[in-house]
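>>> below is the sequence, then the predicted model.
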Amino acid sequence: DQQVKQNSPSLSVQEGRISILNCDYTNSMFDYFLWYKKYPAEGPTFLISISSIKDKNEDGRFTVFLNKSAKHLSLHIVPSQPGDSAVYFCAASGTQGGSEKLVFGKGTKLTVNP
Amino acid sequence: DAGVIQSPRHEVTEMGQEVTLRCKPISGHDYLFWYRQTMMRGLELLIYFNNNVPIDDSGMPEDRFSAKMPNASFSTLKIQPSEPRDSAVYFCASKFRPWGNTEAFFGQGTRLTVV
């Protein structure tokens, strides 16, 4: 049973436009959400996170939105750059229960075309 | 800091052989995680340690897998005997959690091929 779902395996956008990557979760105990970026032959790299007490967190070109009632979060990249081409993973944890376990989605491959 | 260091980067072994993957976490980090990535299952947590003590090993697939953390700067993941279905990329990650939520830092992974 997948607790974190990224339903789009791939996304292609034009340089300079907005990229929107989506993620849904099923476990209402999750209270901390993260996005990681991964290039081929490298480990995942942390991008941005959000706590369940917030609905938006922004860091430069990257903004994460959280809709707790819909159990949905999204990552917006504006403007998109060719260097953003990578696989993006959504992850979630339920730290209030004392667990540090991070559950990952299967990833969305983003391609930004020049 | 050099980040999380994993060795080897690539490992090819024959079915039935013992495989040992190694990880050096970032100095000062008190949590260490072992993940496995496959096409079918994505990134799945195998086990994690806090202050060198295993906390959750519910993701370890079977008794052929074992993990140890003898000290704060070293951990191993052992597969004995290895099988072709163990072929995957294995990641080690570490984090420091003094208060609140923090992110985990990943190593570059070990690509394991069992033939």
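Alright, I've got the coordinates.

>>> lowest average confidence, helix or strand, in chain A?
Ranked by mean pLDDT, DSSP states H and E, the weakest helix or strand in chain A is strand A:103-104, scoring a mean of 94.

>>> does the next helix or strand after that one reach chain B?
Counting by DSSP states H and E, the element after strand A:103-104 in chain order, helix or strand, is strand A:108-113. No - for strand A:108-113, no contact with chain B is found by Cβ under 8 Å from any Cβ of the partner chain; the gap never falls below 11.5 Å. (C-beta placed from N, C-alpha, C; glycine too.)

>>> show me what strand A:108-113 is packed up against.
When contacts are defined as 3 or more Cβ pairs under 8 Å, 6 or more residues apart in numbering or on different chains; DSSP states H and E, strand A:108-113 sits against strand A:10-14, strand A:19-25, strand A:86-93.

>>> pull out the buried positions in it.
Counting neighbours by 16 or more other Cβ atoms under 10 Å in any protein chain shown, one finds that the buried residues in strand A:108-113 are A:Thr108, A:Leu110, A:Val112.

>>> stretch B:24-40 now?
B:Lys24, B:Pro25, B:Ile26, B:His29, B:Asp30, B:Tyr31, B:Leu32, B:Phe33, B:Trp34, B:Tyr35, B:Arg36, B:Gln37.

>>> out of those, who's near chain A?
Applying Cβ under 8 Å from any Cβ to these, those adjacent to chain A are B:Tyr31, B:Phe33, B:Tyr35.

>>> what sits against the first one?
In this structure, B:Tyr31 makes contact with A:Glu100, B:Tyr48, B:Phe49, B:Asn50, B:Ser94, B:Lys95, B:Phe96, B:Arg97, B:Ala104, judged by Cβ atoms under 8 Å, 6 or more residues apart in numbering or on different chains.

>>> that older thread, and chain B, which of the helices and strands packed on strand A:108-113 is closest to it?
Ranking the helices and strands packed on strand A:108-113 by their distance to chain B (criterion: Cβ to the nearest Cβ) puts strand A:86-93 first, at 6.6 Å.

>>> among the contacts of B:Tyr31, find me the one that's closest to B:Ser87.
Closest approach between the contacts of B:Tyr31 and B:Ser87, by Cβ to Cβ: B:Tyr48, at 22.6 Å.

>>> picking up where we left off before, could you dump the ones next to chain A among the buried residues of stretch B:24-40 into a markdown table and include secondary structure?
A markdown table is the format used below for those (DSSP: H, G, I helix; E, B strand; the rest coil):
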| residue | secondary structure |
| --- | --- |
| B:Tyr31 | strand |
| B:Phe33 | strand |
| B:Tyr35 | strand |
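
>>> on that earlier part again, what's the closest of the buried residues of strand A:108-113 to chain B?
Comparing those against chain B with Cβ to the nearest Cβ places A:Thr108 closest, at 11.5 Å.
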